[in-house]
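[1] no sequence on hand, only this structure:
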């Protein structure tokens, strides 16, 4: 194979600054969290929420998500930690890889629900705001698998093949499909799909989040089918393939039922905000249409107010106006007489 036609693997996934280890896997996760919070904050403010709310709730959601992701991995691959010759302490070594997205989303939602409940915020609205950011966070996080030389696909001689050089953990050095890259690119596409659909169809009440889940499951299904790492199989399919199919159906079902029961989007996402603190969707998206609509509405209200005032002067206050006119005439005549 041409030595230039492949994706090289890092020679190591950790750099030591004295006694402090800096791990590529952890950096990818941290970068993903920052991206998710940054984009989620912009979208939340655009929906009428307060800046900083997304980060405050993320303080609950992120730790729960990390624990959930690790639990899912350990439970579904328990033999890696609790079988003969294995050390169960390794189950706590998150930096070595092994975070299941299904567990991360499930338990992360519990943490987000706690944070939302403390602030009186509807969880579906929050989920819609952060959905594209979560997809981008996954795109960043998948590069952590590249640093750890893990979760690659079948052997291939394509120009973008991933060159695995490590032989630890049962790896066989060679050239494989870079499934980490496929999933990273797919997640970026999912993020843009959700943002486009959210703007085009005004998704609300959790439907943007459900779209993210459904779209991710489609990609995860075919990418999972390419992987060659050890996994539990049911009827010839990997466990994660079955999970993706079931979650996909649930997400689609939710979108259909939610659209019928609660069409449109929430008008208030964060109670108790002062007037004018939130900004419109149009301002955040750069379209300006919603801003213009708001300004037109405000102008119309002002005009109506002036009209009502004029009406009162012409109608109910007409007597006062006439009295003032008569007083002026009398004052003028009195001056002339003097």
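    Cool, the structure landed. Here the structure is a predicted model, which is why all the values come from computation and not from measurement.
[2] spatially nearest residue to residue 49, not counting backbone neighbours?
    With C-beta to C-beta, 6 or more residues apart in numbering as the criterion, residue 49 has its nearest non-adjacent residue at 4.2 Å, and that residue is residue 270. Yep, even glycine has a C-beta here, placed from its N, CA and C like the rest.
[3] swap in residue 167?
    residue 173 (5.9 Å).
[4] for the chain, just list every one of the helices.
    Here the chain has its helices, by DSSP state H, at 24-46, 53-76, 79-82, 101-119, 123-141, 143-147, 179-201, 207-226, 239-261, 281-285, 289-314, 318-337.
[5] so which of these is the most packed in?
    Using mean count of other C-beta atoms under 10 Å, the stretch among the helices of the chain with the largest mean neighbour count is helix 123-141, at a mean of 25.
[6] tilt between that helix and helix 101-119?
    With axes from the mean of the first three to the mean of the last three C-alpha atoms, to 10 degrees defining the directions, helix 123-141 sits at 140 degrees from helix 101-119.
[7] next one: helix 123-141 to chain centre, how far?
    1 Å (C-alpha atoms, centre = their mean, to the nearest Å).
[8] quick check: angle from it to helix 207-226?
    Going by the same axes, to 10 degrees, helix 123-141 makes 30 degrees with helix 207-226.
[9] what mean pLDDT does helix 123-141 get?
    Across helix 123-141, pLDDT averages out at 97.
[10] by contact count, what packs against it?
    Helix 123-141 is packed against helix 24-46, helix 53-76, helix 101-119, helix 179-201, helix 207-226, with contacts defined by 3 or more C-beta pairs under 8 Å, 6 or more residues apart in numbering; DSSP states H and E.
[11] stretch 135-148 spans what distance, first to last residue?
    One end of stretch 135-148 to the other measures 21 Å (C-alpha to C-alpha, to the nearest Å).
[12] about what we covered before: ok, how many other residues are close to the residue nearest to residue 49?
    22 (other C-beta atoms under 10 Å).
[13] for this protein, what helix or strand is lowest in average pLDDT?
    The helix or strand of the chain with the lowest confidence, counting by mean pLDDT, DSSP states H and E, is helix 281-285 at a mean of 41.
[14] sorry, back to before: least confident of the helices of the chain, on average?
    Lowest mean pLDDT of the helices of the chain: helix 281-285, a mean of 41.
[15] if we can go back for a sec, residue contacts, the residue nearest to residue 167?
    164, 165, 166, 167 (C-beta atoms under 8 Å, 6 or more residues apart in numbering).
[16] for these, pick the one with the most neighbours.
    residue 164 (18 neighbours).
[17] pretty sure that one is touching residue 177, no?
    No. In this structure residue 164 lies outside contact range of residue 177 using C-beta atoms under 8 Å: 10.9 Å.
[18] list the residues that contact both of the two?
    Jointly contacting residue 164 and residue 177 under the rule C-beta under 8 Å, 6+ apart are residue 152.
[19] quick one: contacts of stretch 214-224?
    Residues outside stretch 214-224 that contact it (C-beta under 8 Å, 6+ apart) are 101, 135, 138, 153, 179, 182-183, 186-187, 189-190, 193-194, 238, 240-241, 244-245, 247-248, 251-252, 255.
[20] try 7 Å
    For stretch 214-224, the external contacting residues (C-beta atoms under 7 Å, 6 or more residues apart in numbering) are 135, 179, 182-183, 186-187, 190, 193, 238, 240-241, 244-245, 247-248, 251-252.
[21] what do you get for stretch 147-157?
    The contact list for stretch 147-157 (C-beta under 7 Å, 6+ apart) reads 1, 9-10, 13, 24-25, 96-97, 145, 162, 164, 166, 171, 174-180, 226-229.
[22] can you check stretch 238-247 too?
    Stretch 238-247 has contacts (C-beta under 7 Å, 6+ apart) with 76, 102, 213, 217, 220, 221, 224, 225, 231, 232, 234.
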